[in-house]
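Visitor: Provided below are the primary sequence and the corresponding predicted coordinates.
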There are 2 protein chains.
Amino acid sequence: MRMGGATAEQGCLRLKQVPTGRCAVCGVRQASFCSVLSTAELQQLHAMSSQKIFEPGELIVEEDASVRQVANVLSGTIKLFKLLPDGRQQITGFLFGGDFLGPMLSGEYATFAEAVNRVELCMFDQDRLRERMDAWPHLERRLFEDATQTLDRALDWMLLLGRKTATERVASFFVMLADRVGEKNDATAVVEVPMSRSDIADYLGLTMETVSRQISQLKRAGLLAAQGQHVLEIRDLPTLRRRAEGSQ
Amino acid sequence: MRMGGATAEQGCLRLKQVPTGRCAVCGVRQASFCSVLSTAELQQLHAMSSQKIFEPGELIVEEDASVRQVANVLSGTIKLFKLLPDGRQQITGFLFGGDFLGPMLSGEYATFAEAVNRVELCMFDQDRLRERMDAWPHLERRLFEDATQTLDRALDWMLLLGRKTATERVASFFVMLADRVGEKNDATAVVEVPMSRSDIADYLGLTMETVSRQISQLKRAGLLAAQGQHVLEIRDLPTLRRRAEGSQ
DNA sequence: ACAGCGCTTTGATGTGTATCAAACCGGGGC
DNA sequence: GCCCCGGTTTGATACACATCAAAGCGCTGT
């Protein structure tokens, strides 16, 4: 059924040279790895993709699951995390719209992935995407770049987890949100904060209570202001950045 | 001068089909990215390589330096680290013989690199190696795998830095050493520990004193035993592994 | 052999954040 | 409108690790 549709769209393609179907209206295409594909390549990938919705709190992948699915995040927020045997949790990253979920080389996820809010994924069979990666060097390059960026972020977070104070960590967290999903002006930003205090804590290596106290303090200092549940205004991004690095 | 030598070696190549010159006697070739290259490819790379020695404590690369050199570690240990403005330091990883030093995609190092002990590097011009990467997909794949492994290790370390106790961190450190550079038997291992207590502390997000106390404690528990300065025996690796994960 | 020096270990005390506990707040259902 | 109820905030206390301080140990050079 879907294949038939794809073929019809491929017919159109030669005339229009723009993506058709889902990809045409995909809000994150330019932000995702799909941005490096030609229209023809996009059609091929489109034909092997499938969409899926995950509800808040739903587990998307289990650690060490030898998965066969990888995905683009179309919308929503995903937390990636690791657990110790006694239940202690460390969130290793969040994924937002346009981000790629899945290991392309190891075959296994080294972390759990869970939907923070309602998440919409565009999924691919891992082996079939790997075939495409073998065939299209620009796709492999793009996924390599993705891994490089993820690594850079992980190294920055190691500095945070190993050496920053609670205030610096919380400031860093909001700077990260502003940079990745914020509506930024010159000095201010509005960010959606879909995750709970305890998720923030598990990302920052703190407790929920400490996070809450630090946020209250930043609000009192006039650097942060609530804009309704789950939406927050950063009122002085440069100062917040300085605090995140400990330069007072 | 060097080019002439390389050409002569290329002549030999067709007869012998084994690496010649430095590469032939390179102790880390099989462990490095060179292992994926054919003899002919190795010759080409050999012709564009140069060796360099760094003395203990010497800075190899500066953060955000837009470097043009990348390298294989031939021998010695390198620490990679980040700094906060006030001097707080986080070591993000160590490199040992066979490991690759350098970012292949970003063009910039996001960390400092410093020689822990005497380090011997086999260096390449970044742009020229990138050309080779463009030309040889198996080389790009290998460097991608390298980045993937580095990322996996960074994520594991985030769990350590965010959620493990001092004992668990120090146990994890020696488990890491055993796995990467240890002479392992069934249950025991002998590892070289070239870095100082304060480097270990900066890797584990602790202080020198805490590291020292934890090591003393592991010695008293019979899990660790000194074998001269900078060499240490792990007397019960499985138990140490369990401690590293907090399962008592 | 001895002195000097850097690194490490051990000890005494301090503190930032965790833990325990209670009050608060906002949204959804009846 | 009001009552739950989960998530959040605030408060009181505890503790793991940091900090400050001194002693120990093993090189290196003379």
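Guide: Cool, got the structure.
Visitor: going forward, measure contacts between C-alpha atoms and count neighbours the same way
Guide: Fine.
Visitor: up against chain B, what does chain A have?
Guide: A:82-86, A:88-92, A:105-106, A:110, A:137, A:144-145, A:147-148, A:150-152, A:154-159, A:161-163, A:202-206, A:245-247 (CA under 8 Å from any CA of the partner chain).
Visitor: if I pick the residue most central in space within chain A, what's in contact with it?
Guide: Of all residues in chain A, the one closest to the mean position by CA atoms, centre = their mean is A:Leu95, 1.6 Å from it. Taking CA atoms under 8 Å, 6 or more residues apart in numbering or on different chains, we find A:Leu95 in contact with A:Val73, A:Thr77, A:Ile78, A:Lys79, A:Leu80, A:Leu101.
Visitor: make it 10 Å
Guide: A:72-73, A:75-80, A:101, A:113, A:115-116, A:180 (CA atoms under 10 Å, 6 or more residues apart in numbering or on different chains).
Visitor: what subset of the residues you listed is buried?
Guide: A:Asn72, A:Val73, A:Ser75, A:Gly76, A:Thr77, A:Ile78, A:Lys79, A:Leu80, A:Leu101, A:Ala113, A:Ala115, A:Val116 (16 or more other CA atoms under 10 Å in any protein chain shown).
Visitor: give the burial count for A:Asp86, as a bare number.
Guide: 9 (other CA atoms under 10 Å in any protein chain shown).
Visitor: next one: A:Glu108
Guide: Residues contacting A:Glu108 under the criterion other CA under 10 Å number 16.
Visitor: does it really touch A:Gly102, like I thought?
Guide: Yes. Using CA atoms under 10 Å, A:Glu108 is in contact with A:Gly102, at 8.3 Å.
Visitor: what touches both of these two?
Guide: In contact with both A:Glu108 and A:Gly102: A:Val67, A:Arg68, using CA under 10 Å, 6+ apart.
Visitor: now, the residues of chain A next to chain B that are in strands?
Guide: A:Lys82, A:Leu83, A:Gln89, A:Gln90, A:Ile91, A:Thr92 (DSSP state E).
Visitor: surely the first one and B:Asp156 touch.
Guide: Yes. Contact between A:Lys82 and B:Asp156 holds when scored by CA under 10 Å: they sit 8.0 Å apart.
Visitor: the two: which has the busier surroundings?
Guide: A:Lys82 (21 against 16).
Visitor: bridging residues for the more buried one?
Guide: A:Gln90 (DSSP bridges).
Visitor: leaving out sequence neighbours, find the closest residue to A:Asp146.
Guide: Closest residue in space to A:Asp146, ignoring its immediate chain neighbours: A:Phe100 at 7.9 Å, by CA to CA, 6 or more residues apart in numbering or on different chains.
Visitor: count the neighbours of the one you found for me.
Guide: Using other CA under 10 Å, A:Phe100 has 22 neighbouring residues.
Visitor: for the contacts of A:Leu95, which one is nearest chain B?
Guide: Taking CA to the nearest CA as the measure, chain B sits nearest to A:Leu80 out of those, at 10.1 Å.
Visitor: A strand includes A:Val73, no?
Guide: Yes. Counting by DSSP: H, G, I helix; E, B strand; the rest coil, A:Val73 is found in a strand.
Visitor: now render the contacts of A:Leu95 as JSON lines, adding secondary structure, distance to DNA strand D and pLDDT.
Guide: As requested, the contacts of A:Leu95 are arranged in JSON lines below (DSSP: H, G, I helix; E, B strand; the rest coil; distance: CA to the nearest atom of the strand, whole Å; pLDDT from 0 to 100):
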{"residue": "A:Asn72", "secondary structure": "strand", "distance to DNA strand D": "26", "pLDDT": "97"}
{"residue": "A:Val73", "secondary structure": "strand", "distance to DNA strand D": "23", "pLDDT": "97"}
{"residue": "A:Ser75", "secondary structure": "strand", "distance to DNA strand D": "20", "pLDDT": "96"}
{"residue": "A:Gly76", "secondary structure": "coil", "distance to DNA strand D": "17", "pLDDT": "96"}
{"residue": "A:Thr77", "secondary structure": "coil", "distance to DNA strand D": "15", "pLDDT": "97"}
{"residue": "A:Ile78", "secondary structure": "strand", "distance to DNA strand D": "16", "pLDDT": "97"}
{"residue": "A:Lys79", "secondary structure": "strand", "distance to DNA strand D": "15", "pLDDT": "97"}
{"residue": "A:Leu80", "secondary structure": "strand", "distance to DNA strand D": "18", "pLDDT": "97"}
{"residue": "A:Leu101", "secondary structure": "strand", "distance to DNA strand D": "24", "pLDDT": "96"}
{"residue": "A:Ala113", "secondary structure": "strand", "distance to DNA strand D": "17", "pLDDT": "95"}
{"residue": "A:Ala115", "secondary structure": "strand", "distance to DNA strand D": "13", "pLDDT": "96"}
{"residue": "A:Val116", "secondary structure": "coil", "distance to DNA strand D": "11", "pLDDT": "97"}
{"residue": "A:Arg180", "secondary structure": "helix", "distance to DNA strand D": "20", "pLDDT": "95"}
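Visitor: most neighbours of all the ones in strands among the residues of chain A next to chain B, which one?
Guide: A:Gln90 (29 neighbours).
Visitor: shouldn't that residue be in contact with A:Thr207?
Guide: No. Using CA under 10 Å, A:Gln90 makes no contact with A:Thr207, being 11.3 Å away.
Visitor: mutual contacts of those two, please.
Guide: Going by CA under 10 Å, 6+ apart, residues that sit against A:Gln90 and also against A:Thr207 are A:Asp199, A:Ile200, A:Ala201.
Visitor: ok so, going back, need the max-distance pair from the contacts of A:Leu95.
Guide: The most widely separated members of the contacts of A:Leu95, counting by CA to CA, are A:Ala113 and A:Arg180 (18.9 Å).
Visitor: what's the burial count for A:Glu63?
Guide: So A:Glu63, with other CA under 10 Å, has 16 neighbours.
Visitor: same deal with the one 3 residues further on?
Guide: The criterion is other CA under 10 Å. On that basis, A:Ser66 has 13 neighbouring residues.
Visitor: same question for A:Phe94.
Guide: With other CA under 10 Å as criterion, A:Phe94 counts 18.
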